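A.B. asks: Below are the sequence and a predicted model for it; my questions follow.
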Amino acid sequence: MGTKVRSIRRCGSIWWRIASHEPAIIQAAGRALFLKYFGSRLVVSEQHRCRFDLRQRDRRYLLAVFEYIEKKEMDRTKYTLTLIETWETQGYRQAYGELRQFYSTFLETIPVGDKRRADTGGHAMDNLLQSLNRQIAKEPARQEQVREVVYFFNRLALCVNASLCSKETTAVFFNDTVQSFLEVYGLYIDNNKETLPGRGVTLVELSRELNPAGRD
């Protein structure tokens with residue numbers, strides 16, 4: 001009887017140990033079966049998730065870069081518009097307009113034949129511009145007006161070269177003005193560059209920057 005009781009107790013103890021660990025055993029078996037049949041799908045799913053996260057991150061980076069570039073261009077345009085207002089309101093445009101009128105008045109004193117020959121370029125145009133320079137030398141007010149316009153364009157050129165001003169906006173507003181000013185007063189600027197802001201070099205560089213192909 002004692003042997004039978006001990007045997008039952010021993011069997012009961014073994015069963016209790018098995019029963020007490022059954023959840024862990026079942027969970028381990030479940031995990032093994034799950035990984036066997038679904039593990040590859042989980043790996044593929046994880047890869048897709050990582051790729052999706054990378055794409056989302058790349059989109060955020062691209063958007064941030066685009067917003068940064070757009071803001072910089074807006075800032076450049078804003079600064080350019082500030083210089084345009086300076087040109088319009090602080091006497092620079094007026095000086096340029098009076099220099100244009102001065103040149104038109106000067107041309108009226110030139111014989112028609114000489115003007116026609118000057119239109120073809122070459123020495124005839126050089127002679128006409130040299131005559132204009134001699135006239136400017138007699139009028140300090142004109143010299144000061146040239147200096148003022150050169151100063152403004154020198155400031156504008158530095159702004160464009162430093163990428164603080166929008167090159168596109170600058171070209172729209174000033175390209176024709178810069179080119180026509182240099183066509184008439186370029187020789188005077190070159191002959192008097194030691195006394196002018198930027199020695200006139202910055203203005204020539206601005207002309208090339210705004211009109212790199214030499215377009216009319």
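C.D. replies: Nice, thanks for sending it over.

A.B. asks: From here on, just use CA atoms for contacts and neighbour counts.
C.D. replies: Will do.

A.B. asks: Pull stretch 200-214 out as PDB, backbone CA atoms only.
C.D. replies: Extracted C-alpha coordinates of stretch 200-214, given in PDB (Å, rounded to 0.1, in the frame of the first residue of the first chain):
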ATOM      1  CA  GLY A 200      34.500 100.400 -63.300                       C
ATOM      2  CA  VAL A 201      35.500  96.800 -63.400                       C
ATOM      3  CA  THR A 202      32.600  95.600 -61.300                       C
ATOM      4  CA  LEU A 203      30.200  97.300 -63.600                       C
ATOM      5  CA  VAL A 204      31.700  95.500 -66.600                       C
ATOM      6  CA  GLU A 205      31.400  92.200 -64.700                       C
ATOM      7  CA  LEU A 206      27.800  92.900 -63.900                       C
ATOM      8  CA  SER A 207      27.100  93.500 -67.600                       C
ATOM      9  CA  ARG A 208      28.600  90.100 -68.500                       C
ATOM     10  CA  GLU A 209      26.800  88.400 -65.600                       C
ATOM     11  CA  LEU A 210      23.400  89.700 -66.700                       C
ATOM     12  CA  ASN A 211      24.100  89.100 -70.400                       C
ATOM     13  CA  PRO A 212      26.600  86.200 -70.700                       C
ATOM     14  CA  ALA A 213      25.800  85.500 -74.300                       C
ATOM     15  CA  GLY A 214      26.000  89.100 -75.400                       C
END
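
A.B. asks: could you pull out the helices for the chain?
C.D. replies: Along the chain, counting by DSSP state H, helices occupy 2-20, 22-89, 92-107, 112-119, 122-137, 140-161, 167-191, 201-210.

A.B. asks: In terms of mean pLDDT, which of those helices ranks lowest?
C.D. replies: Within those, confidence is poorest for helix 2-20, with a mean of 41 (mean pLDDT).

A.B. asks: Count residues in the vicinity of the nearest residue to residue 125 once chain neighbours are set aside, would you?
C.D. replies: Once flanking residues are discounted, residue 125 sits nearest to residue 118: 4.2 Å by C-alpha to C-alpha, 6 or more residues apart in numbering. The number of residues packed near residue 118 is 17, by other C-alpha atoms under 10 Å.

A.B. asks: Kindly report the same for residue 119.
C.D. replies: Around residue 119 there are 11 residues (other C-alpha under 10 Å).

A.B. asks: mind checking how far it is from residue 127?
C.D. replies: For residue 119, the distance to residue 127 (C-alpha to C-alpha, to the nearest Å) stands at 12 Å.

A.B. asks: Also residue 186?
C.D. replies: 14 Å.

A.B. asks: neighbour-wise, which of the two wins?
C.D. replies: Between residue 186 and residue 127, counted using other C-alpha under 10 Å, residue 186 has the larger neighbour count: 18 against 13.

A.B. asks: buried set for stretch 165-179?
C.D. replies: Neighbour-count burial for stretch 165-179, counted by 16 or more other C-alpha atoms under 10 Å, picks out 165, 166, 167, 169, 170, 171, 174, 175, 178, 179.
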